[in-house]
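Asks: Take a look and give me a structure for this.
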Amino acid sequence: MVQLGILLSQNHRLLSVAAVFDVFESVNRFCHENGLPDQFRIQTIRTGDDGVIYNRFPELTLSDPQQFDLIIVPAFNSGNVPIYIQENGHVLSWLRQQHKQGAELASVCSGAFLLAATGLLNGKCATTHMDAISDFSAAFPEVNVQAEAVVTSDQGIYTSGGATSSFHLLIQLIEKYTDRDMAIRIAKFFAIDLDRNHQTYFGSFQPTQTHHDELVKKVQQRIKNDFAAITTIEELLRDIPTSRRNFVRRFKLVTGNTPIEYLQKTRIEAAKRYLEKTSGGILESMIESGYNDQKAFRLLFKKTVGITPSAYRSKYMSRV
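Replies: Take a look at the predicted model:
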């Protein structure tokens, strides 16, 4: 029987934990229906003094001697993830020790931040929620971030993308620890399409505006107001009292993008909104977002979003 531990990290997302419970309980139930014993012994690991939260399962603490085969780190609540990592600092050495003793580790969505803080992801592939990729890459530069990946697996450590991508992770783990038939049965039971191979189109460009660099803010506002009309970086940086090279460095340091990258992402985000909310076609979205070469627009859109403009429109267009 697989010894499965669900880490009740401080500020974990309840829905994230509930999904893990539901999926693995379903595996055990299906086993019973087939006259087989439980495949997973589901246990929780309490990390604080908040008492018993999920009393349906055996509860352990970090000081208990249990050795796990698989430990799942849930997503964090929305909020200040660096603070959450600090609050869970006492968990990091425990995770490292469990992995050293043979436990595989898996994180759901933003739980990858806690997993990366152990150092165990350094030099390994990982992913997280699309909207958190930039922060994750900045916080853990030694991790090989796979922004588009739904699930990553690297030397016994697994990560998943945002929200429903966690089901793809759980199904992969079920296939490994049981078999393909059980994985398919769970996928059908939870209505999970197994053909999702990237998560890029779930992301949105949400540039930071909370910094204190007034020159960068000025250019950000210029892009926001005139993104469809700006054609060159010289035009974009007009009246900026510093050299182009110095400003590009400052801009990337603050936003994570060069001015041109930032402009392109703003335009693509505008094209996405147009495709979502209007009945206009691909050509209209291209023009509205400031492009005039349809082939170049399609290529850039697919590179940025992960699917073509027409596929995106089919997926998200408002329907009456």
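Asks: quick one: low-confidence parts of the stretch 1-150 of the chain?
Replies: 50-53 (pLDDT under 70).
Asks: rerun that using 90 as the cut-off
Replies: Residues of the stretch 1-150 of the chain meeting the criterion pLDDT under 90: 34, 48-59, 65, 78-79, 130-135, 137-138, 146-150.
Asks: just the strands in it please.
Replies: All strands of the stretch 1-150 of the chain, identified by DSSP state E, counting those that start in this stretch, fall at 2-8, 40-46, 59-61, 70-73, 104-107, 125-126, 144-145.
Asks: And for the fourth one, what's in contact with it?
Replies: Same thing as strand 70-73. Where contact means Cβ atoms under 8 Å, 6 or more residues apart in numbering, the residues beyond strand 70-73 that reach it are 2-7, 9, 20, 45, 95, 98, 103-108, 111-112, 114-115, 173, 177. In this view, the C-beta of every residue, glycine as well, is placed from N, C-alpha and C.
Asks: Adjacent strands (with direction) for that strand?
Replies: strand 2-8 (parallel), strand 104-107 (parallel) (DSSP bridges).
Asks: And the contacts of the shortest one?
Replies: Around strand 104-107, the neighbours that count as contacts under Cβ under 8 Å, 6+ apart are 69-73, 95, 98-99, 114-115, 120, 128, 156-160, 169, 173.
Asks: Going through those, which ones are buried?
Replies: Buried by 16 or more other Cβ atoms under 10 Å: 69-73, 95, 98-99, 114-115, 120, 128, 157-160, 169, 173, out of those.
Asks: Which ones among these lie within helices?
Replies: Under the assignment DSSP state H, the buried ones among the contacts of strand 104-107 contribute L95, Q98, H99, L114, L115, L169, L173 to helices.
Asks: just to revisit the earlier point, whichever of the contacts of strand 70-73 end up buried, select them in ChimeraX.
Replies: Of the contacts of strand 70-73, the buried ones can be selected in ChimeraX as follows, counting by 16+ other Cβ under 10 Å:
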select :2,4,5,6,7,9,20,45,95,98,103,104,105,106,107,108,111,112,114,115,173,177
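Asks: Pretty sure I186 sits against F24.
Replies: No. Judged on Cβ atoms under 8 Å, I186 makes no contact with F24 at a distance of 9.3 Å.
Asks: Give me the more crowded residue out of these two.
Replies: Neighbours per residue (other Cβ atoms under 10 Å) separate I186 from F24, with F24 holding more: 26 against 21.
Asks: Quick check: that one vs F205, distance?
Replies: 36 Å (Cβ to Cβ, to the nearest Å).
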